[in-house]
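**Student:** based on what follows, work out the 3D shape:
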Amino acid sequence: MPDLVPLRRKQSILVVDDNEVNALLLKQMLTSRGYSTIAVHSAVEAEAEIQREPPDLVLLDVVMPGKSGYELCRELKHDSNTRLIPIVMITGLSDREDRLKGIEAGADDFLTKPISPEELFARVNSLLKLKEFTDELETADSVLCTLGLSVEARDPYTEGHCERLARDASDLARFLGLGEESVIALQRGGYLHDLGKIAVPDEILKKGTDLTPDEWEIMKKHPVTGEAICRPLKSLRRVLPIIRHHHEHSDGSGYPDGLRAGEIPLLPRILQVVDIYDALRTARPYKPALGHESAALTMRAEARNGLWDEELVSEFFSMLDKRQQVA
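**Tutor:** Numbers count the residues shown, from 1 in each chain. Next comes the predicted model:
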């Protein structure tokens, strides 16, 4: 019996050119090489198509009526959902200034009209190989996030905890004016912060309180275990400190490293504040859920006593108050 070779889906390319003849020619060339190709004739059509089904690569004309290729490229590269799609800008302009505008907009490569088929296929093939690689990294991230949710699912009292942490921590990062990389790291950290609990036995994990000294030592290892699981992925390098240090306390009484206020990085401190709030607001077998005001009073008092970052606690509740006003 012959070896079964897994079927690979056709890689998809979106051609965006207001000149219908040029768009059709590019589509025919790419289709002849086995690519699934769609041609549209404006930025508006391109946005609709990308929203419907993101392509693996975009060939984008620079000069178009309405929104230019530069503008569309810039918008796609600023959107976390589309920024990893390679964009090749097609231009009849060879001026250095125009190339610089394309680079500033985030273009991955350029093709100059008239387009050589050999050059077209070489550039497309190279960028699609890179896209495959980034897709594999994203898939690995997704698998780990799914594992994080599976840990949460072991305890029925924590349903929705990871999703709430991912949302609130990233919202707090935006409220503080942090960059997109920090926002994304906290989103991932929300799902991955307790990943190491996958190595904690159910009888300890679900006990919740009154752990023996030996059981507590096992529980305190989960940040280090989670960090070790995620360390091989370079794409998670900004998440690793969140995983390892979100149980540290400002007074040095936390774990696993006993860090004090000035030693705990900002992102773990952000997740920590959100995590504590969610824990106080969630009912457990050994305690009732606190209301919002009671949770706020508790956290502010604990922050004054040196457990949490007092400034971040204040900023967090300012954010929640603003969110409530908007709602």
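
**Student:** contacts only, for residue 61.
**Tutor:** For residue 61, the contact set (CB atoms under 8 Å, 6 or more residues apart in numbering) comprises 16, 17, 18, 19, 22, 69, 89, 90, 91. The way it works is simple: take the backbone N, C-alpha and C, and place the C-beta from them, glycine included.

**Student:** strands - which of these land there?
**Tutor:** 16, 89, 90, 91 (DSSP state E).

**Student:** nearest spatial neighbour of the last one, skipping sequence neighbours?
**Tutor:** On the basis of CB to CB, 6 or more residues apart in numbering, the spatially nearest residue to residue 91 that is not a chain neighbour turns out to be residue 62, at 4.2 Å.

**Student:** distance check, the one you found against residue 100.
**Tutor:** 13 Å (CB to CB, to the nearest Å).

**Student:** before we move on, the earlier item: correct me, but the residue nearest to residue 91 touches residue 105?
**Tutor:** No - using CB atoms under 8 Å, residue 62 makes no contact with residue 105, being 9.6 Å away.

**Student:** which neighbours do the two have in common?
**Tutor:** Contacts common to residue 62 and residue 105, judged by CB under 8 Å, 6+ apart, are 70, 89.

**Student:** which ones are touching the residue nearest to the spatial centre of the chain?
**Tutor:** In the chain, the residue lying closest to the centroid (CA atoms, centre = their mean) is residue 184, at 4.1 Å. Residues near residue 184 by CB under 8 Å, 6+ apart: 80, 170, 238.

**Student:** what are the ranges of the strands in this protein?
**Tutor:** Under DSSP E, the chain gives strands at 12-16, 36-40, 57-61, 87-91, 109-112.

**Student:** just put those in JSON lines and tack on distance to residue 204.
**Tutor:** Listed next are the strands of the chain as JSON lines, based on distance: least, CB to CB, whole Å:
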{"stretch": "strand 12-16", "distance to residue 204": "47"}
{"stretch": "strand 36-40", "distance to residue 204": "50"}
{"stretch": "strand 57-61", "distance to residue 204": "49"}
{"stretch": "strand 87-91", "distance to residue 204": "50"}
{"stretch": "strand 109-112", "distance to residue 204": "53"}
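
**Student:** and residue 62 and residue 100? Which one has more around it.
**Tutor:** Per other CB atoms under 10 Å, whichever of residue 62 and residue 100 has more neighbours is residue 62, with 22 against 10.

**Student:** can you pull the contacts of that one?
**Tutor:** Here residue 62 is in contact with 68, 69, 70, 89, 90, 91, 93, 98, 102 (CB under 8 Å, 6+ apart).

**Student:** just those: which has the poorest pLDDT?
**Tutor:** Lowest pLDDT of the contacts of residue 62: residue 93, 64.

**Student:** low-confidence stretches in the stretch 51-200 of the chain?
**Tutor:** Low-confidence regions of the stretch 51-200 of the chain, defined here as pLDDT under 70, cover residues 93-96, 133-134, 136-141, 143, 156-157.

**Student:** the top helix by length along the chain vs strand 87-91, what angle?
**Tutor:** When the chain is parsed with DSSP state H, its longest helix is helix 117-153. In terms of direction (axes from the mean of the first three to the mean of the last three CA atoms, to 10 degrees), helix 117-153 departs from strand 87-91 by 150 degrees.

**Student:** output the contacting helices and strands for helix 117-153.
**Tutor:** Contacts defined by 3 or more CB pairs under 8 Å, 6 or more residues apart in numbering; DSSP states H and E place helix 117-153 against helix 20-32, strand 57-61, strand 87-91, strand 109-112, helix 161-175, helix 180-192, helix 222-230.
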